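> Generate coordinates for the sequence data below:
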Amino acid sequence: MNKLIHENEAGERVVRLSPGKRVLFLTKDLELIRRQLRGEVDLSMAEVDPADLLDDINTDTMTPAWVCFRHRPEDIALDAYAGLLDESGERVFGTRALMDGGFEVIVSGKRKGTGSSRETAPQCEKWSGIGLVIAHSFAPIHERNNLNLGQLMAGYDVLERLQAGEDVPLENLTGEYDPITRVMLESGGLFPFAKMYAAGEVEVPVPTTAARPMTMGEKILASKVVGAEGAVSLQPGDVCLVKVDGGYSHEFTTAQVHHFLGQEYGEGYEVKNPSKFAIFEDHLLYATGVERMKPFTADIETLRRLQNEFQSHTGVRDYSAEDGVSPGICHQVAREEFVDPGDFIQATDSHTCMGGGSNALTYGVGATEYAGLISAGFTFVQVPESIRFELVGELDAGCTAKDVMLHILDTYAKREDTLDRVMEFGGPGLATLTPDERATLCNMATECSAKSGICEGDEALAQWLSPRRGGRPLEAIAADFVAPDPGAEYAGGVHTVDLSALKPMVAEPGDPTYGKDIADLGDVKIDIAYAGSCTAGKADDFEFYAAVLKDALDAGRKVAEGVTMVVQYGSTAVRDHARDRGFDAIFREAGVEVISPGCGACIGCGPGVSDNAEQVSVSAINRNFRGRSGPGQLYLASPLTVAASAIEGRIVAYTPGMFRSPVPTA
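All right, here's what the predicted structure looks like:
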């Protein structure tokens, strides 16, 4: 149980600060953080302006990739916040700084825990002694990971009362949650709750919501409620146990899953329906080729070994690399091979939501939650709210779905309209986007701090799925499509996005929400152009890269001198498609480096990463947090923009025929 929870003289459960323990404020003044860590100053909420606190602290900052090479939480906590760097690139938190500071509360600003779903982020706090996390708001997966670990969360008003010496009733911190989440949090997290459920000490009743029009996400969950007899209706806030159709983990996360299951259930633990679940070797294949990752070779080999142990023990699907070549990035391979319309999929990665492009409800969870659901075959869900985007019009030749998402990030995510909601995409404009482009929309829902993204199904999706499902008839696939009911309610509203009005965009370095039209960007010279990742390593993305490069070659142009362009396939199926289309020859002739499938530079573990802070990259990946893909400045852009910029040597939007020499004038 959380050490901040006590029982007062009246027998009431309260939260109370411990004598001698401290509160750490993560301020925009990094030197002030250092002074707190050194014990030179202690602050109170009454004297801190929330506007001075750090917003958008992402999970890469809390536990950068190299820290995640460890699988035991107590080892991860040694380097908590190792990714928080000052302007010179120096760490603000040294090794053991948080652990040895005597802190039990940590305070930050808006959208705490954006980015990757890595549970290592809240683990680094918990195993450093933090029991209460204070913020204006939390990214949904990060909030769920805190709940699963039994970490209390609250707003600034609660901290001010605690620092004034008040005992705050526990219900003031947990009362906003449903009764089941409250029990889980107050009992210390998911595993204690699971034991109580197995012992019959707590029940999760089937919701009794009256029949109502439902969104796509609500309908999928309603069809899988455990214990339901007949049709069930759900509404946001309902709590239920839900059958999970499938899921997966990768070598960054599987070791923890294996470790936790062994700890909780012994070496003989079992996984329900192993054929529905999978492991992937995709994230770290190229890590040891990156100079700054070489010291962690032994840790990476340990993660691979433990993943192999897990797969051998459980019999889940095996997507390990063969002869050093991965079958592909988990999200791309999953949609190619086993994510189907109407599915509910959970996996240990924030971009699991990419599967929503196939009319499924998919989202990432932490290692604790994933271990619990693969052991039980179901998971605990609180039905999320939804927000709908009605797409109209058609993108112009220089735009892709990536530009749509950069627009949504800059417009809706900034004001938190998408926060913790399922982003539903539909409307006549959706039909103008291919299934691969729809996958891009859903993939980047997590950058919007949304719960997930999901697209309506249609004939184009059925035609894409059919050959990948053994020639399954189109009618049979269409029969599984889930559509929103007329009159469905959207707490986040219904928003029309006119695709024809969008312009090519970039996200400026630091965060995906810092969007700007390329026309307003100015002259930004580049050193690196990276084309790959789950977001931009699909077949249609390679059609974009090849079209731009072929256009350049026809005009006698190649990748600009001094620029390195790397393309990386999202899967072996994408690689084969590209080769069949002759794209490999185009890439070679244009001076592009081509590498086998994997995550690579997207997580700083492969060719395409920057080497120093002065280098500038334009990348088709999904997030550009500081240090994410090397120490340089990282701009996010569409596949078209990345390829065109590689030719020009600076960030430019693509226009067909742009590389031809202008006709001389008299």
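
> where along the stretch 551-666 of the chain do the strands fall?
Ranges of strands in the stretch 551-666 of the chain, per DSSP state E, counting those that start in this stretch, are 564-568, 593-595, 616-619, 633-636.

> so which of those strands gets nearest residue 488?
Closest of those to residue 488 is strand 633-636, at 31.9 Å (criterion: C-beta to C-beta). Using the backbone N, CA and C atoms, a C-beta is placed for each residue, glycine as well.

> Find the nearest non-adjacent residue to residue 346, please.
Using C-beta to C-beta, 6 or more residues apart in numbering and skipping the chain neighbours, the partner closest in space to residue 346 is residue 247 (4.4 Å).

> can you check residue 20 too?
Closest to residue 20 by C-beta to C-beta, 6+ apart is residue 102, at 6.9 Å.

> Tell me how many other residues surround the closest residue to residue 177 other than its chain neighbours.
Take residue 177 and drop its neighbours on the chain: the residue closest to it by C-beta to C-beta, 6+ apart is residue 185, 6.7 Å away. Residue 185 has 25 neighbours, counted by other C-beta atoms under 10 Å.

> quick one, what contacts residue 185?
If you count contacts by C-beta atoms under 8 Å, 6 or more residues apart in numbering, residue 185 has them with 147, 150, 152, 174, 177.

> same deal with residue 548?
640, 643, 644, 647, 654.

> backbone phi and psi for the nearest residue in space to the first one that is not next to it in sequence, please?
Excluding the flanking residues, the one nearest residue 640 by C-beta to C-beta, 6+ apart is residue 654, at 4.1 Å. Note on residue 654: backbone dihedrals following degrees, to the nearest 10 are phi -100, psi 140.

> Equivalent analysis for the one 3 residues further on, please.
Dihedral angles phi and psi of residue 657 (degrees, to the nearest 10) take the values phi 80, psi 0.

> what pLDDT does it get?
We have a pLDDT of 91 for residue 657.

> Quick one: residues contacting it.
residue 551.

> ok, residue 597 to residue 589 distance?
22 Å (C-beta to C-beta, to the nearest Å).

> Who has more neighbours out of those two?
Shown here are residue 597 and residue 589; by other C-beta under 10 Å, residue 597 has more neighbours (25 against 13).

> Looks like that one contacts residue 576 (just checking).
No. The pair residue 597 / residue 576 is not scored as a contact, 10.6 Å apart, by C-beta atoms under 8 Å.

> In the contacts of residue 548, find the pair that's most separated.
Using C-beta to C-beta, the contacts of residue 548 span at most 11.3 Å, a distance reached by 640 and 647.

> one step back: under a three-state scheme, what state does the residue nearest to residue 346 occupy?
Here residue 247 is recorded as strand under DSSP: H, G, I helix; E, B strand; the rest coil.

> OK, contacts around it?
Per C-beta under 8 Å, 6+ apart, neighbours of residue 247: 276, 277, 278, 345, 346, 347, 352, 370, 373, 374.

> Name whatever forms a beta bridge with it.
When bridges are called by DSSP bridges, residue 247 pairs up with residue 277, residue 346.

> Distance-wise, check it relative to residue 442.
According to C-beta to C-beta, residue 247 and residue 442 sit 16 Å apart.

> name the element residue 318 belongs to?
strand 317-319 (DSSP states H and E).

> Of the contacts of residue 185, just say which sits nearest to residue 158.
Of all the contacts of residue 185, residue 158 sits closest to residue 152, with 9.2 Å by C-beta to C-beta.

> you'd agree that closest one is up against residue 1?
No. Assessed by C-beta under 8 Å, residue 152 is found out of contact with residue 1, at 10.8 Å.

> Which segments of the protein make up each domain?
Here the domain parsing of the chain from automatic domain parsing is 5-198, 216-381, 385-501, 505-648.

> Tell me how far the first one lies from the chain's centre.
Going by C-alpha atoms, centre = their mean, to the nearest Å, the spacing between the C-alpha centre of domain 5-198 and its chain's C-alpha centre is 20 Å.

> Which residue is the nearest non-sequential neighbour of residue 124?
residue 80 (3.7 Å).

> That neighbour touches residue 63, doesn't it?
Yes. Assessed by C-beta under 8 Å, residue 80 is found in contact with residue 63 at 7.3 Å.

> what touches both of those two?
residue 124.

> How many residues are close by residue 69?
Neighbour count for residue 69, taken as other C-beta under 10 Å: 25.

> Then the one 10 residues further on?
Residue 79 has 23 neighbours, counted by other C-beta under 10 Å.

> all helices of the stretch 301-450 of the chain, in order?
Ranges of helices within the stretch 301-450 of the chain are 330-337, 367-376, 401-408, 435-443, based on DSSP state H, counting those that start in this stretch.

> can you put the ones you listed in JSON lines and add mean neighbour count and mean pLDDT?
Compiled in JSON lines, the helices of the stretch 301-450 of the chain are given as follows (neighbours: other C-beta atoms under 10 Å; pLDDT from 0 to 100):
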{"stretch": "helix 330-337", "mean neighbour count": "27", "mean pLDDT": "97"}
{"stretch": "helix 367-376", "mean neighbour count": "25", "mean pLDDT": "92"}
{"stretch": "helix 401-408", "mean neighbour count": "27", "mean pLDDT": "98"}
{"stretch": "helix 435-443", "mean neighbour count": "27", "mean pLDDT": "98"}
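
> In CSV, list the ones you listed along with distance to residue 141.
Listed next are these as CSV, based on distance: least, C-beta to C-beta, whole Å:
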stretch, distance to residue 141
helix 330-337, 15
helix 367-376, 9
helix 401-408, 18
helix 435-443, 14
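
> now for the ones you listed, which one comes closest to residue 514?
With C-beta to C-beta as the criterion, residue 514 lies closest to helix 401-408 of the helices of the stretch 301-450 of the chain, at 9.6 Å.

> elements contacting that closest one?
Judged by 3 or more C-beta pairs under 8 Å, 6 or more residues apart in numbering; DSSP states H and E, helix 401-408 is in contact with helix 435-443, strand 494-498, strand 505-507.

> tell me which residues in stretch 489-496 are buried?
Neighbour counts over stretch 489-496 (16 or more other C-beta atoms under 10 Å) mark 489, 490, 492, 495 as buried.

> Please apply the same query to stretch 150-157.
Going by 16+ other C-beta under 10 Å, stretch 150-157 has these buried residues: 150, 151, 152, 153, 154, 155, 156.

> quick one: which two of the contacts of residue 185 are the most distant?
150 and 177, at 12.6 Å, using C-beta to C-beta across the contacts of residue 185.

> Quick one: residues contacting residue 24.
With C-beta under 8 Å, 6+ apart, residue 24 has these contacts: 33, 36, 37, 98, 101, 103, 105, 106, 107.

> helix/strand/coil for it?
strand.

> I'd like to know the beta-bridge partner residues of the nearest residue to it once chain neighbours are set aside.
Nearest residue to residue 24, sequence neighbours excluded (C-beta to C-beta, 6+ apart): residue 103, at 4.5 Å. Beta-bridge partners recorded for residue 103 (DSSP bridges): residue 22.

> Verify the contact between residue 103 and residue 22 for me.
Yes. The criterion here is C-beta under 8 Å, and residue 103 meets it with residue 22 at 4.8 Å.

> higher neighbour count, the two?
Neighbour totals were compared for residue 103 and residue 22, and residue 103 leads with 22 against 18 (other C-beta under 10 Å).

> Provide a list of residues in contact with the more buried one.
Residue 103 is in contact with 21, 22, 23, 24, 128, 129, 130, counting by C-beta under 8 Å, 6+ apart.
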